[in-house]
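Participant: Next input, structure requested:
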Amino acid sequence: MRTKKWAVALLAVALMLCLLPTAAFAAGNNLVWLNNAWLSEGETTIGEGKVTLDAENKTLTLENVALTSWVDIETDGFTLIAKGTNSIIPSNNNELGLYVRQGSLKIVLEESASLTISAETSNAIYIPSGDLNVSGAGTLTLETDGEIYDEDAEEVYRWPTLYVGGDVTIEDATLNITGNQVGLFTEIYDEVEDESTPTEITMRNATVNIDVTAGTNQAVFCALGSVTIEDTALTTKTKVTSEEIEGYGLYVVGPILIKGEKTDIKHTGAVGFDADSITIESGKVDVKSNGTALLGYNGVTITGGTVKAESEDSYAILGTKGLVSVTGASTEVTAITGSEVYAAISNANNPSNPDFGDGGIHLDAKITVEGKNLIVGVKKDAEAAITLGEDFEIAGATLKSESLSSTKTKTYFVDEEGNALTGSAVVCKHTFGETPTWTWAEDGSSATASFPCTESGDYTEVVNATITSETTPATCIAAGKTVYTAKVTFGGKEYSDVKEITLAIDEDAHGETELKNAKEATCTEKGYTGDKVCKDCGKVAEAGEEIPMKEHTFVNGKCEVCGADDPNYVPDTSSDDTSSDVSSDTPSDDASSDDASSVASSGTDSSETPDTGSSSALIWLLLAAACVGGTVLVLRKRNA
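Facilitator: From the prediction side, this is the model:
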């Protein structure tokens, strides 16, 4: 709905003006009507606080005052300063809170100061023909909650909480608005020409909270102009209902511009943001509504920030006459619809209308979509109504285009079977993390590395690995292991992983051994080669063998080692040959004869002594000994 009829609202304002005290219209040189009287120059004590009027500088300072009647400012270019805690809450239900009869108003909120303005059956602030500027590090709270029922017209009249017939700027301040009609309303309307003049709503470095769930209208309404939100935390709440109502979060016949890294916008209500065009450059935007969440008649452009648009039963993001474009390396958009008919992202709400559906859709950023219908584009005089940035895709899906008419083409995503894609999907340029997931064969013989796309979450590249291994054998006292190394190259980088398989202790895998129980064989005992015993576990690694006994070494019938008799020994019995050999070798002198007689007289039977082959030498030795003995005996006798 692009044309808003505010006759009822204007009639309500006229009715309200009729209720104003007549004294207030006879201002003359007076500047401020306060506490049912014209305020004097200088300081005036009210209760525990005070108000100060500086007429020359057109300044009114409120300091810790609680006013129980409306305030009327009669001049243009006026400044209202709030210090401490202040309130304007008329006891008369029919009174306005703050009325600026002519021109513009500045409200300056000093640090930690607060000003609460409340009206029951009229505007909290009414500035019919001027601008409003709210600034400072304090808080301005505006409240309305009443209504008037006209029995004759059978109409219920409610009032915008903040009505400004000009531009509105909220800077560095906190603004809280609650009401049962429009929260913030701006319009410059020429009744004669029956047309509006553009106005601007600007929120910069501010905190703005608007709750109009008590009614059925917009949180912010700009009849013609623009809305700019920069580095601002904005929360809007409108009534959630399935009825046909105008519960927009932001409504402007003109552009909406959202920017600033500190911007944080949240909206819940019947409808989201509705404008001629919506541009989001940065910040966070979260819009959840029954109707369309983000609607730009001349297009929706998102170049940065984090945007979530969710609709219960309509489009999440919709551009009708212009292009829907989502770009930006750091941009993230989520579009969700619960509708059975409408797509999450589209510019084809009425493709049969020749003025609609001629912009198409361009996607060059990460976009998550959910719904029965995901992304549907329509474009005039084009082969495809959806275009994607370089390397952007939906994994497993392709674009399909078909003609709607001789001039219009419809494009949407289909799955591998050619069916329209449904459920959920991610449009992205695949970006893979630095840590793959490895999958190994149980025996380590093969492995794969999986690289999931960090953007989509539902796409993975799988690469087969090259395997090498190194084994440390098991021993008799320690387990061994085989270390398998898998390597892959992906995205120009090499990745590796290891898998270790333990080898059980091998009781037969002995290390260094030493020889034990070895024994040499003899002619009386068998020998033993010895056992090879493992130095680690003490077990016999290799048993020895028995060594057979050695043969006896017999000499002249006896074993030289053990003295055993040679059973096969036969003595030499040739005695004559032995005697003749002795006589021929024996000297013929007397001494030799005496020695031979001495030997014979010893009672030894020479025939019984075996011939060893050395008897002649023995005889000569005996004879020499006898000669020496005789010589000694002769010498002793002479000396006697």
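Participant: Residue 302 versus the residue nearest to the spatial centre of the chain, what's the distance?
Facilitator: The centroid of the chain falls nearest to residue 454 when counting by CA atoms, centre = their mean (8.9 Å). Using CB to CB, to the nearest Å, residue 454 is found at 21 Å from residue 302. C-beta coordinates here come from the backbone N, C-alpha and C atoms, glycine included.
Participant: can you check residue 339 too?
Facilitator: 21 Å.
Participant: Tally up the residues packed near residue 362, please.
Facilitator: Residue 362 sits with 18 neighbouring residues when counted by other CB atoms under 10 Å.
Participant: Provide a list of residues in contact with residue 92.
Facilitator: Counting by CB atoms under 8 Å, 6 or more residues apart in numbering, residue 92 makes contact with 69, 70.
Participant: just use 43 as the starting number from now, easier for me
Facilitator: All right, first residue 43 from here; so that's residue 134.
Participant: what about it, which SS state?
Facilitator: Look at residue 134: counting by DSSP: H, G, I helix; E, B strand; the rest coil, its state is coil.
Participant: Report pLDDT for it.
Facilitator: Per-residue pLDDT puts residue 134 at 86.
Participant: on that earlier part again, what residues are up against the residue nearest to the centre of the chain?
Facilitator: Shown in contact with residue 496 (CB under 8 Å, 6+ apart): 473, 474, 475.
Participant: Just confirm residue 279 contacts residue 252, I think it does.
Facilitator: Yes: if you go by CB atoms under 8 Å, residue 279 and residue 252 touch, sitting 7.1 Å apart.
Participant: The two - which one has more neighbours?
Facilitator: The residue with more neighbours, out of residue 279 and residue 252, is residue 252; 26 against 19, by other CB under 10 Å.
Participant: May I have the beta-bridge partners of that one?
Facilitator: Going by DSSP bridges, residue 252 is paired in beta bridges with residue 219, residue 278.
Participant: could you measure it against residue 185, distance?
Facilitator: For residue 252, the distance to residue 185 - CB to CB - is 12 Å.
Participant: quick one: common contacting residues for those two?
Facilitator: 219, 220.
Participant: Strands along the stretch 543-682 of the chain, start to end?
Facilitator: Remark: strands assigned in the stretch 543-682 of the chain by DSSP state E, counting those that start in this stretch are 555-558, 569-570, 573-576, 582-584, 588-589, 596-597, 600-601.
Participant: got those as CSV, with distance to residue 109 and mean pLDDT columns?
Facilitator: Converted to CSV, these look like this (distance: least, CB to CB, whole Å; pLDDT from 0 to 100):
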stretch, distance to residue 109, mean pLDDT
strand 555-558, 107, 88
strand 569-570, 122, 90
strand 573-576, 103, 90
strand 582-584, 107, 87
strand 588-589, 125, 90
strand 596-597, 146, 86
strand 600-601, 143, 90
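Participant: Can you tell me the closest non-neighbouring residue to residue 572?
Facilitator: The shortest distance from residue 572 to any non-neighbouring residue, by CB to CB, 6 or more residues apart in numbering, is to residue 560 (2.8 Å).
Participant: Tell me how many other residues surround the one you found.
Facilitator: With neighbours defined by other CB under 10 Å, the count for residue 560 comes to 13.
Participant: Strictly from the record, what residue spans define the domains of the protein?
Facilitator: Domain ranges of the chain: 349-471, 479-545, 555-592, per automatic domain parsing.
Participant: Please identify the deepest-packed of the ones you listed.
Facilitator: domain 349-471 (a mean of 19; mean count of other CB atoms under 10 Å).
Participant: any idea which strand is longest in the protein?
Facilitator: In the chain, assigned by DSSP state E, the strand with the most residues is strand 366-379.
Participant: Direction included, what does that strand pair against?
Facilitator: Under the rule (DSSP bridges), strand 366-379 has strand 342-344 (parallel), strand 348-353 (parallel), strand 403-413 (parallel) as partners.
Participant: Give me the pLDDT for residue 199.
Facilitator: For residue 199, the predicted pLDDT is 79.
Participant: Isn't residue 413 up against residue 380?
Facilitator: Yes: counting by CB under 8 Å, residue 380 is a contact partner of residue 413 at 7.1 Å.
Participant: which stretches of the stretch 143-292 of the chain have low pLDDT?
Facilitator: 191, 193, 195, 284-287 (pLDDT under 70).
Participant: how close does residue 192 sit to residue 257?
Facilitator: On the measure of CB to CB, residue 192 and residue 257 end up 17 Å apart.
Participant: So which of those two has more stuff around it?
Facilitator: residue 257 (22 against 13).
Participant: Show the contacting residues for the residue nearest to residue 273 when sequence neighbours are not counted.
Facilitator: Once flanking residues are discounted, residue 273 sits nearest to residue 302: 3.4 Å by CB to CB, 6+ apart. Residues in contact with residue 302 (CB under 8 Å, 6+ apart) are 271, 272, 273, 274, 324, 325.
Participant: One more: residue 270?
Facilitator: So residue 270 contacts 242, 243, 244, 245, 246, 298, 299, 301 (CB under 8 Å, 6+ apart).
Participant: that's a helix at it, yeah?
Facilitator: No: judged by three-state DSSP, residue 270 forms no part of a helix; its state is strand.
Participant: Report the beta-bridge partners for it.
Facilitator: Where residue 270 sits in a bridge, its partners, by DSSP bridges, are residue 244, residue 299.
Participant: for residue 361, same thing?
Facilitator: residue 338.
Participant: In CSV, list the C-alpha atoms belonging to stretch 529-545.
Facilitator: Taking C-alpha atoms only, stretch 529-545 is exported to CSV below (Å, rounded to 0.1, in the frame of the first residue of the first chain):
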residue,chain,number,x,y,z
LYS,A,529,49.4,-36.7,2.6
VAL,A,530,47.1,-34.7,0.3
THR,A,531,47.5,-31.5,-1.6
PHE,A,532,44.5,-29.2,-1.6
GLY,A,533,44.2,-25.6,-2.6
GLY,A,534,47.9,-25.4,-3.2
LYS,A,535,48.8,-26.5,0.3
GLU,A,536,49.9,-29.9,1.7
TYR,A,537,48.1,-31.5,4.6
SER,A,538,49.1,-34.7,6.5
ASP,A,539,47.8,-36.9,9.2
VAL,A,540,49.1,-40.0,10.9
LYS,A,541,47.5,-43.2,12.1
GLU,A,542,49.4,-45.5,14.6
ILE,A,543,48.7,-49.2,14.8
THR,A,544,50.1,-51.0,17.8
LEU,A,545,51.9,-54.3,17.3
